[in-house]
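[1] Provided below for reference: sequence and predicted model.
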Amino acid sequence: MAKFSAVLNFIKKNAAKIWAKNHIKSSENFKRNAAEDQEKLLMNLVKTAEKTLFGRVHQFEEIRSVKDFQAKVPVQDYEGLKPFIEKIKHGDRNILWPGIPEYFAKTSGTTSGAKYIPLTKEGMDFQVRGAQSALFHYIAKKNNADFVNGKMIFLQGSPVLEEMNGIRTGRLSGIVAHHIPNYLQKNRLPSWETNTIEDWETKVDAIVQETENQDMTLISGIPPWLVMYFEKLTEKHGKTIKQIFPNLQIIVTGGVNYEPYREKMQQLLGGKVDIVQTFPASEGFFAFQDDFENDGLLLLTNHGIFYEFIPLEDYGKPNAKRLTISEIELDKDYAMVISTNSGLWAYSIGDVVRFISKNPHRVLVSGRTKHYTSAFGEHIIGYEVEEAMKRTLAKHPAQITEFHLAPQVNPQEGLPFHEWFVEFSSEPEDLKEFANTLDFEMRQLNAYYDDLISGNVLQPLKIFKLRKGAFIDYAKSVGKFGGQNKIPRLANDREIAKKLEMIKVGS
């Protein structure tokens with residue numbers, strides 16, 4: 001029996017390597033022809049939805065080019081599409097896309113309450129293909145598929161779905177749980193019963209119990225919850241993750257930038273594990289790290305999504321220029337706008353990207369359109385605070401669990417300043433020097449901030465330490481504690497800061 005099992009494992013991993021090589025060959029065409037493919041894709045999307053309510057309202061029958069589309073369909077967020085989505089929720093058909101969606105991916109919103117993002121069968125197929133493509137690219141680059149014979153865990157939301165007028169509804173990660181390929185199902189953890197636990201801490205405790213004695217080879221989840229899972233394992237066993245799971249080969253992560261968590265993750269792992277970053281969302285699977293040894297996420301330009309890019313400095317202005325993939329520049333920040341085969345049209349997803357290469361087109365996720373700090377005109381974005389923190393940690397060894405930046409406009413004394421709330425898991429030797437370096441790096445990354453400091457409009461930033469578990473407590477207090485919820489790294493107000501002030505250790 002053992003010999004038979006070994007033969008099966010050999011066949012399985014070698015079959016995966018063959019599939020991966022064939023997939024890479026078939027994907028070369030879209031990498032070379034992104035601009036041409038994108039325009040054809042948009043015309044196909046428009047033609048398919050021509051007789052829908054949205055298509056009739058926006059005169060899709062008259063659209064013959066990208067410029068026609070941009071003239072007919074304005075950029076909009078969820079509020080703009082909400083009247084159409086409400087009709088779908090009430091059972092109407094042929095509203096944004098022919099028929100009805102297969103799913104609603106339910107997300108938590110700030111201004112709109114719960115959001116219901118339509119996800120058609122075509123859109124779901126591309127979600128799955130995007131994840132598969134990420135793994136195939138990894139296997140081909142690594143020339144190793146040993147992980148397919150071990151156990152795999154996906155830290156995700158509950159797979160239990162509700163139904164709304166024939167449309168299954170739930171968190172995206174819970175929906176995805178129903179689409180794990182058959183060849184991975186036998187290796188997948190946790191159990192269905194554990195996955196359906198709603199309370200996140202109880203769920204992670206159950207996952208620890210189910211997985212601690214298994215041969216884990218692939219683990220997937222967003223960085224803060226991977227850290228939580230790993231911390232529980234290491235505290236329980238007094239060992240590093242690689243000691244607990246010696247065959248762990250790959251971590252697939254997404255949702256937030258991995259870089260600020262890298263040092264903490266390396267400490268917890270205690271050994272070499274390959275990291276593959278992805279860029280998925282309820283609205284679509286946009287990109288993944290096609291070379292795990294280098295930065296940059298390969299933008300999927302043939303996966304049912306047409307992309308437009310608005311220069312960040314123009315975002316929100318009337319008649320802001322909407323660029324196609326053929327018009328973008330490298331190393332510039334763009335608000336990303338999508339039209340999809342799930343019926344989202346010129347939809348601003350709120351993410352900011354920066355291209356680092358063309359042909360193939362690779363991006364970094366540099367921030368969120370609504371998450372920035374500009375109380376004094378500095379317009380600092382996520383990429384800048386994360387990069388400044390990364391550089392500072394390289395100079396002053398420390399480990400952070402999470403951080404948040406907010407402006408302090410009316411301090412009790414002295415000039416205004418940027419206030420950084422930081423939860424350290426391992427503090428720097430000299431917190432004052434750490435703060436000075438962080439301020440220096442911010443000045444290097446943002447010229448406006450540098451001018452404000454030089455001109456004595458602002459005093460240098462201040463760091464306030466938070467006790468361990470502070471961000472988890474904050475997340476619980478606002479109902480954002482769970483596998484897909486993320487805390488903004490920066491804000492233009494003090495809404496989050498006021499709550500964090502209540503649990504800080506001190507300055």
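    Received it, and whenever you're ready, just let me know what you need. Please read these numbers as outputs of a predicted model, since none were measured by experiment.

[2] now for this protein, the helix or strand with the poorest mean pLDDT.
    strand 504-506 (a mean of 52; mean pLDDT, DSSP states H and E).

[3] now stretch 291-307: buried residues?
    The neighbour-count check on stretch 291-307 (16 or more other C-beta atoms under 10 Å) flags 292, 296-307 as buried. All C-beta atoms are positioned from the backbone trio N, CA, C, and that covers glycine.

[4] now these in TSV, with distance to residue 491, secondary structure and pLDDT?
    Shown next, in TSV, are those (distance: C-beta to C-beta, whole Å; DSSP: H, G, I helix; E, B strand; the rest coil; pLDDT from 0 to 100):
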residue	distance to residue 491	secondary structure	pLDDT
292	32	coil	90
296	28	coil	92
297	25	strand	95
298	31	strand	96
299	28	strand	96
300	30	coil	95
301	33	coil	94
302	36	coil	92
303	32	coil	92
304	33	coil	95
305	29	strand	97
306	31	strand	98
307	27	strand	98
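
[5] wait, which of those residues is closest to residue 456?
    Distance to residue 456, by C-beta to C-beta, is smallest for residue 296 among the buried residues of stretch 291-307, at 39.0 Å.

[6] distance of the closest residue to the closest one other than its chain neighbours from residue 34?
    Spatially, and ignoring its direct neighbours in sequence, residue 296 is nearest to residue 362 (3.4 Å; C-beta to C-beta, 6 or more residues apart in numbering). In this view, residue 362 and residue 34 are 11 Å apart by C-beta to C-beta, to the nearest Å.

[7] who touches both of the two?
    residue 299 (C-beta atoms under 8 Å, 6 or more residues apart in numbering).

[8] all the helices of the stretch 1-150 of the chain, residue numbers only.
    2-32, 34-48, 53-57, 66-72, 78-89, 121-142 (DSSP state H, counting those that start in this stretch).

[9] single out the most deeply packed of those helices.
    Among the helices of the stretch 1-150 of the chain, the stretch with the highest mean neighbour count (mean count of other C-beta atoms under 10 Å) is helix 121-142, at a mean of 20.

[10] tell me what that one is packed against?
    Counting contacts by 3 or more C-beta pairs under 8 Å, 6 or more residues apart in numbering; DSSP states H and E, helix 121-142 packs against helix 2-32, helix 172-176, strand 250-253, strand 274-281, strand 284-288.

[11] let's see it at 7 Å
    When contacts are defined as 3 or more C-beta pairs under 7 Å, 6 or more residues apart in numbering; DSSP states H and E, helix 121-142 packs onto helix 2-32, strand 274-281, strand 284-288.

[12] any idea of the angle it forms with helix 34-48?
    Inter-element angle recorded for helix 121-142 and helix 34-48: 160 degrees (by axes from the mean of the first three to the mean of the last three C-alpha atoms, to 10 degrees).

[13] helix or strand next in line after helix 121-142, which one?
    Using DSSP states H and E, the next helix or strand after helix 121-142 towards the C-terminus is strand 151-154.

[14] helices or strands up against that following strand?
    strand 188-189, strand 216-221.

[15] could I get those as CSV with mean neighbour count and distance to residue 338?
    Formatted as CSV, these follow (neighbours: other C-beta atoms under 10 Å; distance: least, C-beta to C-beta, whole Å):
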stretch, mean neighbour count, distance to residue 338
strand 188-189, 16, 30
strand 216-221, 23, 23
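
[16] and of these, who's closest to residue 120?
    Proximity to residue 120 (C-beta to C-beta) singles out strand 216-221 among the helices and strands packed on strand 151-154, at 24.0 Å.

[17] and the residue nearest the centre of the chain, what are its phi and psi?
    The chain has residue 255 as the residue nearest its centroid, 2.2 Å off, counting by C-alpha atoms, centre = their mean. Per-residue torsions, residue 255: phi 90, psi -50 (degrees, to the nearest 10).

[18] chain neighbours aside, what residue packs nearest to it?
    In space, residue 255 is closest to residue 222, 3.6 Å off (C-beta to C-beta, 6+ apart).

[19] ok, the one you found - contacts?
    The contact partners of residue 222, taken as C-beta atoms under 7 Å, 6 or more residues apart in numbering, are 253, 254, 255, 256, 486.

[20] and of the helices of the stretch 1-150 of the chain, who's closest to residue 373?
    So among the helices of the stretch 1-150 of the chain, helix 78-89 is nearest, using C-beta to C-beta, at 23.4 Å.

[21] tell me how far that closest one is from the chain's mean position?
    Distance of helix 78-89 from its chain centroid, counting by C-alpha atoms, centre = their mean, to the nearest Å, is 24 Å.
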